[in-house]
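1. Structure for this input, please:
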Amino acid sequence: MQYEEKLQTIFHEFARDTGSALKKATGGEETMNLGELVSMLKEAQVLDSKCTAREVTTFFVMVNIDDELYVNAARSRGDSSAELCFDEFWEVSVRICKEKLPEIKEGDSVWSTFEQSLEAWIGLEYLPRLNAALKKRNKSGGAT
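-> The predicted structure is shown next:
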């Protein structure tokens, strides 16, 4: 994915704010809990009537449900149903995009596939908002 490195940087910056037990148990690997995720999205002004905090909470639970289904594999990866690793954060981001963009029908849009729409949304909307929120946070000296 074109923006993976930039999204990883942002994920790690926002996830770094709290020192959860999971982060300590996994040797400091950054994870993001629901509060950090919703706070980040609010600060970035990503949430709106198309995608609310309630929907993001649902996404958070959905991407973590496999942790409960495959407990042993998840534990060996240091995964938790209370925290997102980067791959799970990416999945939540894709689900947010699907909520925000109208359903794409062939021939309806300049972007003919969801994949193209996702790339455009991340590059033109999501990353700029997350970067602006991160700059504002860093300027103010931490979480807002």
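
2. From now on I want contacts and neighbour counts done on CA atoms only, so please keep to that.
-> OK.

3. residue boundaries of the strands in the protein?
-> 32-33, 83-84 (DSSP state E).

4. quick one, which of those strands is nearest to residue 91?
-> For the strands of the chain, proximity to residue 91 was assessed by C-alpha to C-alpha; strand 83-84 is nearest, at 9.8 Å.

5. roughly how far is the closest one from the heart of the chain?
-> Offset of strand 83-84 from its chain centre (C-alpha atoms, centre = their mean, to the nearest Å): 10 Å.

6. List phi and psi for residue 44.
-> phi -90, psi 0 (degrees, to the nearest 10).

7. Hmm, it is touching residue 132, no?
-> Yes: contact status for residue 44 versus residue 132: in contact at 6.9 Å, counting by C-alpha atoms under 8 Å.

8. Low-confidence regions, the protein specifically.
-> Filtered on pLDDT under 70, the chain yields the residue ranges 17-29, 66-80, 103-112, 142-144.

9. which stretches of it form helices?
-> Ranges of helices within the chain are 4-15, 21-25, 34-43, 53-69, 71-76, 86-100, 114-121, 127-140, based on DSSP state H.

10. Mean neighbour count for the strands of the chain - can I get that in JSON lines?
-> Rendered in JSON lines, the data for those read as follows (neighbours: other C-alpha atoms under 10 Å):
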{"stretch": "strand 32-33", "mean neighbour count": "22"}
{"stretch": "strand 83-84", "mean neighbour count": "26"}
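
11. Which one of the ones you listed lies nearest to residue 10?
-> It is, among the strands of the chain and with distance given as C-alpha to C-alpha, strand 32-33, at 11.3 Å.

12. Tell me how far that closest one lies from the chain's centre.
-> The chain centroid and the centroid of strand 32-33 are separated by 9 Å under C-alpha atoms, centre = their mean.

13. could the helices of the chain be laid out in a markdown table, adding mean neighbour count?
-> A markdown table is the format used below for the helices of the chain (neighbours: other C-alpha under 10 Å):
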| stretch | mean neighbour count |
| --- | --- |
| helix 4-15 | 16 |
| helix 21-25 | 13 |
| helix 34-43 | 18 |
| helix 53-69 | 16 |
| helix 71-76 | 13 |
| helix 86-100 | 18 |
| helix 114-121 | 16 |
| helix 127-140 | 16 |
